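Engineer: Quick one: sequence plus predicted model below, questions after.
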Amino acid sequence: MQVFGRRLNLRWCFLLMAVADTCVVFAPSFPVYCLLRFLAGLSTTSIMTNSILLTVEWSLLKFHATGVMLIVSSYSIGQIILGGLAFAIREWQTLQLVVSVPIFVLFLSSRWLAESARWLIVNNKPDEGLKELRKVARINGIKNAGELLTIE
């Protein structure tokens, strides 16, 4: 059984990546630099996995493949943009700050993500899971979701 939900895990990884990537600029030695880069890299896989899982869980069936494709493609597009930024910004500390500070925005915006309904139900929070299901059904344009979705 998972102790923490996907949303909390995703938020923690965003925070870890943002703080570690920002602190890299101020690393006093190469071993500290390597440790901070390791911590930032450690969070990357969890961010990608949780993003895909939450997208698949909360989108309509016909949009699953599109959502996953957009998330995976965004990482490739980010690498292309990073190359362009590295060409434009020659000082590595400035480049590191330009790349890492926007991750704090992702961390702050992840506050409004919906928690996994499956996780809520499995962890004896069926009312919260039902509330999230109704909210997402309304966002996805499913009419009468409030009447159709019940605890049973």
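Structural biologist: Cool, the structure landed. Numbering: from 1, shown residues only.

Engineer: next helix or strand past the longest helix belonging to the chain?
Structural biologist: In the chain, ranked by residue count with DSSP state H as the criterion, the top helix is helix 30-58. Note on helix 30-58: by DSSP states H and E, the next helix or strand toward the C-terminus is helix 64-88.

Engineer: what's that next one packed up against?
Structural biologist: helix 30-58, helix 92-109 (3 or more CB pairs under 8 Å, 6 or more residues apart in numbering; DSSP states H and E). Every C-beta, even on glycine, is put in place using the N, C-alpha and C of the backbone.

Engineer: Of all those, which one is nearest residue 118?
Structural biologist: helix 30-58 (6.9 Å; CB to CB).

Engineer: Pop the domain breakdown of the chain in here.
Structural biologist: 6-112, 114-152 (automatic domain parsing).

Engineer: Give me the buried stretch members for the last one, please.
Structural biologist: Using 16 or more other CB atoms under 10 Å as the burial criterion, the residues of domain 114-152 that qualify are 114-117, 119-121, 123, 125, 129-130, 132-134, 136-137, 145, 149.

Engineer: and if you look at stretch 55-66?
Structural biologist: Here stretch 55-66 shows 55, 57-59 as buried, counting by 16+ other CB under 10 Å.

Engineer: Just put the residues you listed in JSON lines and tack on distance to residue 108 and pLDDT.
Structural biologist: Output for those, formatted as JSON lines (distance: CB to CB, whole Å; pLDDT from 0 to 100):
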{"residue": "55", "distance to residue 108": "19", "pLDDT": "84"}
{"residue": "57", "distance to residue 108": "22", "pLDDT": "81"}
{"residue": "58", "distance to residue 108": "20", "pLDDT": "79"}
{"residue": "59", "distance to residue 108": "23", "pLDDT": "79"}
